[in-house]
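A.B. asks: show me how the following folds:
(chains A, B, C, D, E and F)
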Number of protein chains: 6
Amino acid sequence: MLEYCVDERADREDVDVRVVTSGSKLSPEDAADLMKLAAQVSPQLTVVVSPNATLPGPMTVAKEFAEKDMPTIFVTDKPGRKAAGDLEKMGHGYLVVNADSMIGARREFLDPTEMALFNSEMIGILSATGVYAFLTREIEKVIAAIKQKREITLPRVKINSELATEGFFTNPYARCKAIAALEIAEHVAKITTRACFVEKDRDTYITLCSSAHEMLGAALELSREAREIEKSGDHVLRKPHMGDGSIGQKARLLEKPVKPSSSPAKITDT
Amino acid sequence: MLEYCVDERADREDVDVRVVTSGSKLSPEDAADLMKLAAQVSPQLTVVVSPNATLPGPMTVAKEFAEKDMPTIFVTDKPGRKAAGDLEKMGHGYLVVNADSMIGARREFLDPTEMALFNSEMIGILSATGVYAFLTREIEKVIAAIKQKREITLPRVKINSELATEGFFTNPYARCKAIAALEIAEHVAKITTRACFVEKDRDTYITLCSSAHEMLGAALELSREAREIEKSGDHVLRKPHMGDGSIGQKARLLEKPVKPSSSPAKITDT
Amino acid sequence: MLEYCVDERADREDVDVRVVTSGSKLSPEDAADLMKLAAQVSPQLTVVVSPNATLPGPMTVAKEFAEKDMPTIFVTDKPGRKAAGDLEKMGHGYLVVNADSMIGARREFLDPTEMALFNSEMIGILSATGVYAFLTREIEKVIAAIKQKREITLPRVKINSELATEGFFTNPYARCKAIAALEIAEHVAKITTRACFVEKDRDTYITLCSSAHEMLGAALELSREAREIEKSGDHVLRKPHMGDGSIGQKARLLEKPVKPSSSPAKITDT
Amino acid sequence: MLEYCVDERADREDVDVRVVTSGSKLSPEDAADLMKLAAQVSPQLTVVVSPNATLPGPMTVAKEFAEKDMPTIFVTDKPGRKAAGDLEKMGHGYLVVNADSMIGARREFLDPTEMALFNSEMIGILSATGVYAFLTREIEKVIAAIKQKREITLPRVKINSELATEGFFTNPYARCKAIAALEIAEHVAKITTRACFVEKDRDTYITLCSSAHEMLGAALELSREAREIEKSGDHVLRKPHMGDGSIGQKARLLEKPVKPSSSPAKITDT
Amino acid sequence: MLEYCVDERADREDVDVRVVTSGSKLSPEDAADLMKLAAQVSPQLTVVVSPNATLPGPMTVAKEFAEKDMPTIFVTDKPGRKAAGDLEKMGHGYLVVNADSMIGARREFLDPTEMALFNSEMIGILSATGVYAFLTREIEKVIAAIKQKREITLPRVKINSELATEGFFTNPYARCKAIAALEIAEHVAKITTRACFVEKDRDTYITLCSSAHEMLGAALELSREAREIEKSGDHVLRKPHMGDGSIGQKARLLEKPVKPSSSPAKITDT
Amino acid sequence: MLEYCVDERADREDVDVRVVTSGSKLSPEDAADLMKLAAQVSPQLTVVVSPNATLPGPMTVAKEFAEKDMPTIFVTDKPGRKAAGDLEKMGHGYLVVNADSMIGARREFLDPTEMALFNSEMIGILSATGVYAFLTREIEKVIAAIKQKREITLPRVKINSELATEGFFTNPYARCKAIAALEIAEHVAKITTRACFVEKDRDTYITLCSSAHEMLGAALELSREAREIEKSGDHVLRKPHMGDGSIGQKARLLEKPVKPSSSPAKITDT
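C.D. replies: Down below sits the predicted model:
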């Protein structure tokens, strides 16, 4: 989804995006393969998205890209936060998304439909609560620096529920509902981890997987309520990309986005 | 999302997936680039996903892959249905997803957050109504043929609301809600197309974009109700991939998926 | 319902209403019968409400009333829009309500309960989105002209979702939800028409009828959300009839309606 | 709405319906006028619908029709129940609908939109809870007797929440929700009566009118939940009119309605 | 619940609370027993909470406390309002909570779970609509008088839906929803009283008990909507106890509560 | 609430309940005071309810009751689980309710209304998910032993989400929703603990308190959905107290509760 976030209307001429992935699997062999593909693209900025940046796959990538001096941001779920120190030492940036929890990956429960539903709900939560806006802003700061040939400062942030929602809402209860949604989403991992790796009894682990997905459904509902509150006051924050790749900003539905006077980074500091 | 559908738990050893994309843009140059990347992977089956298969980008791919005799399935939204004849002539398969409508792509309305929300809702609808299950089944039939070294028959289907939901629900009202969801989703394109390509007045096109997304939200709610009805009767259909890549089937939450006696294709005939 | 709209509190002394109908049937014979009854009332303004003004029944009425020089407004659903030219030639007015879709009229599905439910939902949508307010305003303009013995200009409007909602909402998202509701309601006819006149397989046409009614239910929910948003901002537009038959206006619940300085027609021009 | 209930698909050849009304007003003069119109139709059965059968208007009709020996059923709201004795003495039938409460008829609150919304909600409640089915059944019994030239027994029933819902639901909680809806709807009149006839302070009577309509909204939601429960079990009772005017019956969505072996009256005795 | 209302954060040093109860039973013997316990506490103010203050149990207490000159406030449900005269004569205060209706106390329906659910919903309604705020304010007035050694005026109020909600809401529709909730809650007693004391048929009384609880569920939903509206405008009224036991007041979530310039009683007079 | 659970209809003659509490405060002095009151009642079984059994107040009680050989069950929230070992050594029983989380006890946020709402929601969750049924069953086992003069075995259980819901639901998704509700409720404490004891910035701790209460609201909604699913299948488990104090059991709304053949304890073992 992130690849669309930097060019949501497919009309941006200052940026070219290439994505290579290995589907759901993430072995070191897959990683090696992907790096070969990536190498041909010679990216100015690489964003590696992985549920767990501490695993051998992403770590292989991290090491090779460090050696090649390729500026790289690792976007990872909460388990990947433990890689933060290593990534920083290698000169990489990272964005840890605490709320992006593991799915209930048990065969008796997870089929393509349930998998897609879970991801749909997670994307819904991450977008409505401001997490994607946060990620986009951080990546855009780096892109802006590259475009302006300024020195690059890679982001190194663990995005918790407070940080993600800061400055994204006008109504304080909307923000509270968003935080509640993110906290619940984050807590999902505690249940799915147990269901996938600890419990051996089939009834138990199916029940836990299904319970965890119900939690995510409740989180989605909260995030939707947050946005509906903002709609009711006509102050949904929108930050579309402008023609030149900078990020505009607006709050009332029928107004034009305003281009920030200075750098895109500053807009969101308020 | 489709790449995850063939291996939802990342534990399948009979299939290797590689995805290469150009983000949101789809120009012929992007297509050429992607084909270079794809060429190195030498896939046994290629699935090209494009909102509109009639555009120059996907058509370039179609021609080149036809020349190279690479078996290819084009998954496309409703506007792409007009490419069906050409694709068939070139020997390609296609799966047209009528309900997967165009987003409200106007700068004053669409930012990364709104874009991700729309996609989240669309994925939610397509999964809960059975569309992903349909796509997975069709692609799996081809994979099964490749594995068994049988002759490949590429799917050529326009997936409307009735087809997508057939056999996916036990409760008839659940199916009706799913059809209702898909019909509304499909109708979204009529509004967004006008908003993006016809209307010049800003207030008008913003209002139409926003109205179209509200329609999708209502469609999502209907699709969710459909699944909740199935939950209330404990007959949510699940079709997880088994260890050997075949597709199991189950309906009661706490039961084990049953492997079909014969080919995966037959399972869904019931 | 329209008969109540011109005198919602039954306390208006400047207007007398008479309604004659033939229930659900609309044959030319019924029409002839009704005209006999109508003739005795010698109305100053006749409003003919018919789902489809192009049918022989309403057309018989149109011709006879044209001959008798009786000013008549035809209120009709979308299929009736094709009669617009003919009606105009005969000197009649018309108000086409696009969103007022055909019911799922199959015996296996439609009983008195389901019929009343559908109509309840349609009335709910048409009122909450501003369609009844629109119709009332147009009819009142003619009544005002008759009372003031000014020349009568009969309305000739096709009321689409944008037109109906214009000026009816303060919050822009409320309007978008209303437009979404009307678009879905209008789309219902595509499904019911097929279900009633095209499909022969029983399971198919029952399923389609039921799906269409589920769509209407979703549209009702959207229209309700639109009004709830206006309530949350305390700006529900109300336009009650004043004692003298003019139309007052107010937005805050606890304020008094204000009588427009000039003609009722002008109020809604803002 | 009742006129559609006896011929919900407009395809019944054994019955002809004519409706004459005076809109929202109900004065004795209006009544006299309507009787003149009615006289010309020479009905075999007359159904008079009036919110309050004890008022001079309907009473004038009752007397005249009694003199003319015209079999008449008065359908009236709860305040009309006091006319029951008089109506019975005159030989008339009556059906008192307890739940059909008075609207919040204050100028500062009630405009055409609010009026239509209230009626929409009331129709929704009366249909989903079984009240229209009850009314239809009682009227059909008389029509059947007329058709079969049997002696006519006019219905004399006060329809409370228990009576209306009896035999209409399979799931007992669905019935309880329906009863709850009807009880709330009935209670609305206590608030609106006070608001319209007792309270003089504007803020107070507006607030009470609006509160009463909120109560009805909650009642509608309950009645909708009742029907959704029946949908989740696929046992929504449907009683469509058959080709010959008898009443069929079915419960599963995809089955055919079954014609009762004997008289329509017996179907609902179970 | 009331005992927590005077010291919601357990940090108040100017007040000590003791509660003695006999669980759900309320016989005169229980009352005698409780009075013995109460006597040892020598309270400065006694609050007796009883569903029906006219019963022998509470009346025994009333008489004894009157003899002992102990200032006492009786908090009672609607049936207890008939004790108002007697209580006043004995010098006691009373607060009649009209909305606090009797539970559906039939063995076939009411178990500990259903009982707790009903109470949960009733507490939710009474709090969200302002009833607890009303009770707290009245009791605090007396506490303040005791602390300031002023003469005590015991409250004597029958709290109906209008009184409870007055001054508690900013948005007028929020107040209307709260009134609607309280009216429905109050009406519950009509159904449960009949179910518990009149009806002998098991199916009937179970159905009525369950219907009454469904009504309360709808009332809770309305009260929740009322609060959500206030949240959407960021004007939820909060009146926390300050460190010195006075009552602060605030409306915006992130602001500090303001201490009233004079006595706590005056705050709520606005 | 627990005191009502053992005698939900106030008609049980084999048990007498006395409750003494100190409101919201729980100091050792309060405890001493309460014990004096309790001593006069000479209870056969004492149940001490405290949010945190490790605090000096409850511990004082534990020690004194241990010395006096009074059989006591401590019902405590999750923080109290650390007292389990000590309580067991003293011969006491305990029931730890993991889900019963701390309230958001900050002055700027918590007033009597918000406090009562939180408790209402917590009671709603604990009842609808089966926690109260679990507590009741465990306490009843001891009461039964006392009545039958059998040896008493005090319960020592940490009630997590799985344990609470086991055997309480027929539909497996209902159970999953209940578990989800309890998991969310349990997680609330993490946020409120930080808000109350760690964060110093006012905006931060208010926001966290409010977010935690939003989480509880979402949990309540899930628990409600769980019960609604059981209603839709007409299998809400009910376990009312029978006339002799034993616990009956039933599932269909209109059936009679069945008395277990043997001891009440056995019923729930299935």
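
A.B. asks: OK, contacts around the residue nearest to residue A:121 when sequence neighbours are not counted?
C.D. replies: Leaving out its chain neighbours, the residue that sits closest to residue A:121 by CB to CB, 6 or more residues apart in numbering or on different chains is residue A:220, at 4.5 Å. Bear in mind the C-beta positions are built from the backbone N, C-alpha and C, glycine included. Shown in contact with residue A:220 (CB atoms under 8 Å, 6 or more residues apart in numbering or on different chains): A:121, A:124, A:125, A:181.

A.B. asks: so where's chain A uncertain?
C.D. replies: Scanning chain A for pLDDT under 70 picks out A:261-270.

A.B. asks: ok and the longest helix belonging to it relative to helix F:202-232, angle-wise?
C.D. replies: Ranked by number of residues, the top helix in chain A under DSSP state H is helix A:202-232. Here helix A:202-232 runs at an angle of 120 degrees relative to helix F:202-232 (axes from the mean of the first three to the mean of the last three CA atoms, to 10 degrees).

A.B. asks: just how off-centre is helix A:202-232 within its chain?
C.D. replies: 18 Å (CA atoms, centre = their mean, to the nearest Å).

A.B. asks: so residue A:103 versus residue F:207, what's the distance?
C.D. replies: 29 Å (CB to CB, to the nearest Å).

A.B. asks: for the longest helix of chain A, buried residues please.
C.D. replies: Residues A:205-232 are the ones in helix A:202-232 that count as buried (16 or more other CB atoms under 10 Å in any protein chain shown).

A.B. asks: residue farthest from the centroid of chain A?
C.D. replies: The C-alpha centroid of chain A is most remote from residue A:201, which lies 33.2 Å away (CA atoms, centre = their mean).

A.B. asks: and that one, what are its phi and psi?
C.D. replies: Here is the backbone geometry of residue A:201 (degrees, to the nearest 10): phi -80, psi 130.

A.B. asks: against chain C, how distant is it?
C.D. replies: 39 Å (CB to the nearest CB, to the nearest Å).

A.B. asks: equivalent analysis for residue A:59, please.
C.D. replies: Note on residue A:59: its distance to chain C, by CB to the nearest CB, is 46 Å.

A.B. asks: for that residue, the count of nearby residues, please.
C.D. replies: Residue A:59 has 20 neighbouring residues, counting by other CB atoms under 10 Å in any protein chain shown.

A.B. asks: residue A:102 now?
C.D. replies: Neighbour number of residue A:102 under other CB under 10 Å is 21.

A.B. asks: and it, which of the three is it?
C.D. replies: In three-state terms, and counting by DSSP: H, G, I helix; E, B strand; the rest coil, residue A:102 is coil.

A.B. asks: quick one, what contacts the nearest residue to it once chain neighbours are set aside?
C.D. replies: Closest residue in space to residue A:102, ignoring its immediate chain neighbours: residue A:192 at 4.7 Å, by CB to CB, 6+ apart. Shown in contact with residue A:192 (CB under 8 Å, 6+ apart): A:101, A:102, A:103, A:104, A:105, A:208, A:209, A:212.

A.B. asks: now do the contacts for the closest residue in space to the third one that isn't next to it in sequence.
C.D. replies: Spelled out, that is residue A:103. Distances taken as CB to CB, 6+ apart put residue A:118 closest to residue A:103, at 5.0 Å, once the chain neighbours are dropped. Residues near residue A:118 by CB under 8 Å, 6+ apart: A:103, A:104, A:213, A:216.

A.B. asks: contact partners for the second one?
C.D. replies: For residue A:104, the contacting residues are A:110, A:114, A:118, A:191, A:192, A:195, A:196, A:208, A:209, A:210, A:212, A:213, by CB under 8 Å, 6+ apart.

A.B. asks: nearest to chain E, of those residues?
C.D. replies: residue A:210 (22.4 Å; CB to the nearest CB).

A.B. asks: hang on, that closest one packs against residue F:174?
C.D. replies: No - assessed by CB atoms under 8 Å, residue A:210 is found out of contact with residue F:174, at 10.8 Å.

A.B. asks: could you give the number of residues near the closest residue to chain C within the stretch 1-150 of chain A?
C.D. replies: In the stretch 1-150 of chain A, the residue that lies nearest chain C is residue A:128 (14.4 Å; CB to the nearest CB). Counted by other CB under 10 Å, the residues lying close to residue A:128 total 29.

A.B. asks: what of residue A:43?
C.D. replies: Neighbours of residue A:43 (other CB under 10 Å): 16.

A.B. asks: the residue nearest to residue A:103 is in what secondary structure piece?
C.D. replies: Taking DSSP states H and E as the definition, residue A:118 sits inside helix A:112-128.

A.B. asks: wait, does the next helix or strand after that helix contact chain B?
C.D. replies: Using DSSP H and E, the next helix or strand after helix A:112-128 towards the C-terminus is helix A:131-147. Yes - among the residues of helix A:131-147, A:132, A:133, A:136 lie within reach of chain B under CB under 8 Å from any CB of the partner chain.

A.B. asks: for stretch A:229-241, same thing?
C.D. replies: Yes - using CB under 8 Å from any CB, stretch A:229-241 reaches chain B at A:237, A:238, A:239, A:240, A:241.

A.B. asks: next one: phi and psi at the residue lying closest to residue A:14 once chain neighbours are set aside?
C.D. replies: Spatial nearest neighbour of residue A:14, chain neighbours left out: residue A:245 (4.1 Å); criterion: CB to CB, 6+ apart. Main-chain torsions, residue A:245, degrees, to the nearest 10: phi 90, psi -10.

A.B. asks: my guess is residue A:245 contacts residue A:143, does it?
C.D. replies: Yes - between residue A:245 and residue A:143 there is a contact at 7.2 Å, judged by CB under 8 Å.

A.B. asks: please enumerate the shared neighbours of these two.
C.D. replies: residue A:15.

A.B. asks: quick check: the nearest residue to residue A:230 once chain neighbours are set aside vs chain D, distance?
C.D. replies: Among residues not flanking residue A:230 along the chain, residue A:236 sits closest, at 4.6 Å (CB to CB, 6+ apart). From residue A:236 across to chain D, the span is 26 Å (CB to the nearest CB).
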